[in-house]
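just the structure for this:
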Amino acid sequence: SNNGFSMHYPEVYHKPIVFQHAAGRVQWQWAPEQQTVFVGSDYASLSGDPGEARGSFWLHLPLAGADFHSELYLSIGLRNSAAQYRNMFIPYILPKDLLAWLNNSIGDADLPAAGFLYRGGLTGTEAKESAIQFFGDIRNGDLKFHPDWPPLKNIDARLLVDNHNAYIRASRATLYDTAIDAAHIAVLEQPKGLTININGRAHGSPDDGLRLLRESPLHHAIGNGMDAWKMPQGSLETALQLQIPLSGAPLPQTENVLLTLNNAQLDMHDLRLPFRQINSQLSYDSDNGLQAPSIKASLFNKPVTANIVSKKSAQGTVVQVTANSSANISDIATWSAITPLKMLSGSADYSLQLQLNPSNAAQTASIGQLQVSSTLQNVEAPLPAPFTKQRGSKTPFTLTVDLLRNNQQTYRFNYNQQIFGTLAAHNGALTGGDIQLLGSPTITPNVDGKLFIHGSLPSADIQQWIDLITSHNKLSTNNSNNDNPNTLFPSVSINTQ
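Next up, the predicted model:
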């Protein structure tokens, strides 16, 4: 027939199965002695909008008074079809949650090969006990397996709907610019609702890994502390296992992720810290949070050893990064944009601890906090008395950086309980501050673009202070020639009473 061919089983399908062309033979057999009518076909050739097909069917229809039920067998194989036609072959008698997932998750895709098999009754009760299978070879498709997770693009996969469950085995896909090497997705019926189980492997850019942390449910667990970070270089290998409940399924949501970083670069824009040559294996799971027992990296051209642990709190999971390294004071001065530090010399061993608060912490709380401590043993500070420090002596120094919302930071430092500083910054640029000599630290920093240094000294050698200010102003003049936007104060003057 070139005038169209259709089959419609309203207890199983909302709409007819329609092809524009059909060639084949349909047979009818009236068997009153068996109280039945048989209707069937050999393998027919079909073609039309859904693609090219070969199929067969038979019907076993009881006559009035028969003691058995109707039965349908339908088998169709498709070529050169598209995902938009899948609902023509998938019966509406499947669980509503599964049908909704199939409709919402699988986007545009080519189906070079597909097939459908149905065997079961034609009345409502019998149809629900039927055997239903659908498979499709998906090419160049999109898969949004859950609205809270980013979609997979350019997917090549095999879809199988087997009664009340669905399975997808992907041989290729992309997540952002990351290549998915293999993925297996199982959508399983539960006593109530569904669960999505996902296993996958991928390799690609570390920056895609950070983006996934920001744009998935992992962000709720990790918090906002990494939102301003970038990883423009290196490679990332990922292995992932997820269990996601849908429609009230009585199972927990779980995530297990294993990350391997190779020669990666991390730029913490909020702290202006440039980590290089990062090599580490990190893991995240729902019970233990983010963990990394051994991280090797470079900061200020010095080797860094670090680790990451996560701890549960009343508000969520707190991520703590601990690191140890050393740095030249000149690099510290450049990083902090505090010109007076350039008057010091030497290098300092230090310990660093970064705490990232959970994303559901109170809106007034900080996103996190960085703490740095050092004895400054190999640093020389040619400051006037009583602040002078010779190389080889130990002088306690601590720096605390509060990471606030809206990409604001507050820097607080303590030099030997003699000099206290509080500085404010926005988007990594200093906006003002106060330094107190021999007094109580200022709690709230000045933010009008100026640095105030004040204090009360029992005695002072004025010439030493004048020489110090002169040296500082020369450094500031050189710094202004470099047009450094982070420089707070171009020059300093001194008043005496």
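
mean confidence for the biggest strand by length in the chain?
In the chain, assigned by DSSP state E, the strand with the most residues is strand 229-246. The average pLDDT for strand 229-246 rounds to 94.

just use 11 as the starting number from now, easier for me
Shifting the count to begin at 11 puts that one at strand 239-256.

buried sites along the next helix-or-strand element following that strand?
Sequence-wise, the next helix or strand downstream of strand 239-256 (DSSP states H and E) is strand 264-278. Residues of strand 264-278 classed as buried by neighbour count (16 or more other Cβ atoms under 10 Å): Glu265, Asn266, Val267, Leu269, Thr270, Leu271, Ala274, Gln275, Leu276, Asp277, Met278. C-betas here are computed from N, CA, C, even on glycine.

nearest to Asp107 among those?
Proximity of the buried residues of strand 264-278 to Asp107 (Cβ to Cβ) peaks at Glu265, which lies at 21.4 Å.

wait, the closest one sits on Tyr294?
Yes. If you go by Cβ atoms under 8 Å, Glu265 and Tyr294 touch, sitting 6.5 Å apart.

what is the burial count for Ile453?
9 (other Cβ atoms under 10 Å).

overlap in contacts, Glu265 and Tyr294.
Here Glu265 and Tyr294 share the contacting residues Leu228, Ala231, scored by Cβ atoms under 8 Å, 6 or more residues apart in numbering.

quick revisit: greatest separation within the buried residues of strand 264-278: which pair is it?
Using Cβ to Cβ, the two most remote members of these are Asn266 and Asp277, lying 27.9 Å apart.

flag the shaky bits of the stretch 61-210 of the chain, pLDDT-wise.
By pLDDT under 70, the weakly predicted segments of the stretch 61-210 of the chain are 133-138.

which residues in it form strands?
Residue ranges of the strands in the stretch 61-210 of the chain, as given by DSSP state E, counting those that start in this stretch, are 61-72, 81-92, 120-130, 141-153, 162-172, 175-185, 188-199, 204-214.

tabulate these (CSV), appending mean neighbour count and distance to Asn417.
Putting the strands of the stretch 61-210 of the chain into CSV (neighbours: other Cβ atoms under 10 Å; distance: least, Cβ to Cβ, whole Å) gives the following:
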stretch, mean neighbour count, distance to Asn417
strand 61-72, 18, 53
strand 81-92, 19, 45
strand 120-130, 19, 44
strand 141-153, 19, 33
strand 162-172, 20, 30
strand 175-185, 19, 27
strand 188-199, 19, 26
strand 204-214, 18, 27
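
partner strands of the longest strand of the chain, with direction?
The pairing partners recorded for strand 239-256 under DSSP bridges are strand 204-214 (antiparallel), strand 264-278 (antiparallel).

for Ser226, give me the pLDDT.
pLDDT for Ser226: 90.

what about it, neighbour count?
For Ser226, the tally of surrounding residues (other Cβ under 10 Å) stands at 17.

same question for Leu292.
18.

now swap in Leu73 and tell me
By the criterion of other Cβ under 10 Å, Leu73 has 12 neighbours.

so what's it up against?
Pro42, Gln45, Thr46, Val47.

repeat for Ile445
Ile445 touches Ile429, Phe430, Gly431, Thr432, Leu461, Phe462, Ile463, His464, counting by Cβ under 8 Å, 6+ apart.

and of these, the nearest to Glu199?
Nearest to Glu199 among the contacts of Ile445, counting by Cβ to Cβ, is Thr432 at 59.2 Å.

hmm, that closest one is touching Leu461, no?
No. Applying Cβ under 8 Å, one finds Thr432 not in contact with Leu461, separated by 10.3 Å.

buried residues, stretch 421-434. List them.
Residues of stretch 421-434 classed as buried: Tyr421, Arg422, Phe423, Asn424, Tyr425, Gln428, Ile429, Phe430, Gly431, Thr432, Leu433, Ala434 (neighbour count, 16+ other Cβ under 10 Å).

Ile195 and Tyr177 touch, don't they?
Yes. Assessed by Cβ under 8 Å, Ile195 is found in contact with Tyr177 at 7.0 Å.

quick one: secondary structure of Asp218?
helix (DSSP: H, G, I helix; E, B strand; the rest coil).

so it sits against Thr184, correct?
No. Using Cβ under 8 Å, Asp218 is not in contact with Thr184; the gap is 9.6 Å.

for Leu69, give me its contacts.
Leu69 is in contact with Val47, Phe48, Val49, Gly50, Ser80, Glu81, Leu82, Tyr83, Leu132, counting by Cβ under 8 Å, 6+ apart.

I'd like to know which of the contacts of Leu73 are buried.
Counted by 16+ other Cβ under 10 Å, those give Thr46, Val47 as buried.

the closest residue to Phe48 other than its chain neighbours: what secondary structure?
Spatial nearest neighbour of Phe48, chain neighbours left out: Gln39 (4.1 Å); criterion: Cβ to Cβ, 6 or more residues apart in numbering. Under the three-state scheme (three-state DSSP), Gln39 adopts strand.

got the confidence number for Gln39?
For Gln39, pLDDT reads 89.

what's the burial count for it?
11.

any figure for the gap between it and Trp345?
Gln39 sits at a distance of 88 Å from Trp345 (criterion: Cβ to Cβ, to the nearest Å).

cool, and Ile318?
From Ile318 to Trp345 the distance is 22 Å (Cβ to Cβ).

comparing these two, which residue is more hemmed in?
Ile318 (22 against 17).

distance of the more buried one from Met236?
Applying Cβ to Cβ, the value for Ile318 to Met236 is 11 Å.

and the nearest residue to Asp217 once chain neighbours are set aside, what is it in contact with?
The shortest distance from Asp217 to any non-neighbouring residue, by Cβ to Cβ, 6+ apart, is to Met241 (4.5 Å). Contact partners of Met241, counting by Cβ under 8 Å, 6+ apart, are Ser215, Pro216, Asp217, Gly219, Leu220, Ala274, Gln275, Leu276, Asp277.
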